[in-house]
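Novice: what's the 3D shape of this:
(chains A and B)
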Amino acid sequence: GAGVSQSPSNKVTEKGKDVELRCDPISGHTALYWYRQSLGQGLEFLIYFQGNSAPDKSGLPSDRFSAERTGGSVSTLTIQRTQQEDSAVYLCASRDSGDTQYFGPGTRLTVL
Amino acid sequence: SQQGEEDPQALSIQEGENATMNCSYKTSINNLQWYRQNSGRGLVHLILIRSNEREKHSGRLRVTLDTSKKSSSLLITASRAADTASYFCAPFGRYKLSFGAGTTVTVRA
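Specialist: Model (predicted):
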């Protein structure tokens, strides 16, 4: 079946602008994660959604970052007033009833 | 932290050779997972080993887990050029994976 999809695949924006990144998880997966990966680094956990429970936002680096998950499916990560240090690849993953996470191809964000 | 730390940071081998990389972590886990990443984009799940397992095989991959030492290893046998990638271990706790910086493997033809 279809995997996790993310859009856009690349986003170039100017410092101070807001951006929205989208994630479509695998159908039926109730858990959804956002990660950030800077060049040559590991993955930094940002936020976790599980069903109707309150999300775990403990990884969000500042209040400029927020995320929503509508109808338990599609998720949007919003970064307000982008800064150059926000430049990274943003990865979304969904998880099945087991513990395996399935990753999307990522969105490469470049803040000029 | 629960974060996995891989060693070595980089590995260069000849096609056909075996590649071994190690992972250490600090807290108790439910399982430990290994992922591969090509070209800095999406990660692909390779193998999951549960905390009560000591060794697991999948094709040319062999994973070991020693919970007493809080360490794991990933062995890729008979490497191919297509195995060139970054490999990450990710200890799984309550519901989160924690990724380290990874091991970059280069397989030379």
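
Novice: tell me the buried residues in stretch A:45-63?
Specialist: By neighbour count on 16 or more other CB atoms under 10 Å in any protein chain shown, the buried set for stretch A:45-63 is A:45, A:46, A:47, A:48, A:49, A:50, A:55, A:56, A:59, A:60. Every C-beta, even on glycine, is put in place using the N, C-alpha and C of the backbone.

Novice: what segments of chain B are strands?
Specialist: Secondary structure of chain B (DSSP state E): strands located at B:5-7, B:10-14, B:19-24, B:31-37, B:43-50, B:55-58, B:61-66, B:71-76, B:85-92, B:103-108.

Novice: ok so, going back, out of the buried residues of stretch A:45-63, who's near chain B?
Specialist: Restricting the buried residues of stretch A:45-63 to those within reach of chain B (CB under 8 Å from any CB of the partner chain) leaves A:45, A:48, A:50, A:56.

Novice: which two of those residues have the greatest separation?
Specialist: Greatest spatial distance among those (CB to CB): A:45 and A:50, at 13.8 Å.

Novice: low-confidence ranges, chain B, go.
Specialist: For chain B, the stretches flagged by pLDDT under 70 are B:1-2, B:40.

Novice: near chain A, which residues of it are found?
Specialist: Residues of chain B found near chain A (CB under 8 Å from any CB) are B:3, B:30-31, B:33, B:35, B:40-45, B:48, B:88, B:92, B:95-102.

Novice: list buried residues within those.
Specialist: Among those, those classed as buried by 16+ other CB under 10 Å are B:3, B:31, B:33, B:35, B:41-43, B:45, B:48, B:88, B:92, B:96-102.

Novice: return the residues of chain A in contact with chain B.
Specialist: When proximity is defined by CB under 8 Å from any CB, chain A lies next to chain B at A:4, A:31, A:33, A:35, A:37, A:39-43, A:45, A:48, A:50, A:56, A:89, A:91, A:93, A:98-106.

Novice: center of chain A - which residue?
Specialist: residue A:34 (3.5 Å; CA atoms, centre = their mean).

Novice: which strand residues bridge it?
Specialist: Beta-bridge pairing for residue A:34 (DSSP bridges): residue A:47, residue A:92.

Novice: now do it, the pLDDT please.
Specialist: Predicted confidence (pLDDT) for residue A:34: 96.

Novice: for residue A:93, see how far away it is.
Specialist: Going from residue A:34 to residue A:93 by CB to CB, to the nearest Å gives 8 Å.

Novice: how close does the nearest residue in space to residue A:56 that is not next to it in sequence get to residue A:30?
Specialist: Nearest non-adjacent residue to residue A:56, counting by CB to CB, 6 or more residues apart in numbering or on different chains: residue A:48, 4.2 Å away. Shown here: residue A:48 relative to residue A:30, a distance of 11 Å by CB to CB.

Novice: ok, residue B:102 next?
Specialist: From residue B:102 across to residue A:30, the span is 28 Å (CB to CB).

Novice: what of residue B:30?
Specialist: Remark: distance between residue B:30 and residue A:30 (CB to CB) = 18 Å.

Novice: same check, this time on residue B:36
Specialist: Residue B:36 is 25 Å from residue A:30, where distance means CB to CB.

Novice: any shared contact partners between residue A:48 and residue A:30?
Specialist: Applying CB atoms under 8 Å, 6 or more residues apart in numbering or on different chains, one finds that no residue jointly contacts residue A:48 and residue A:30.
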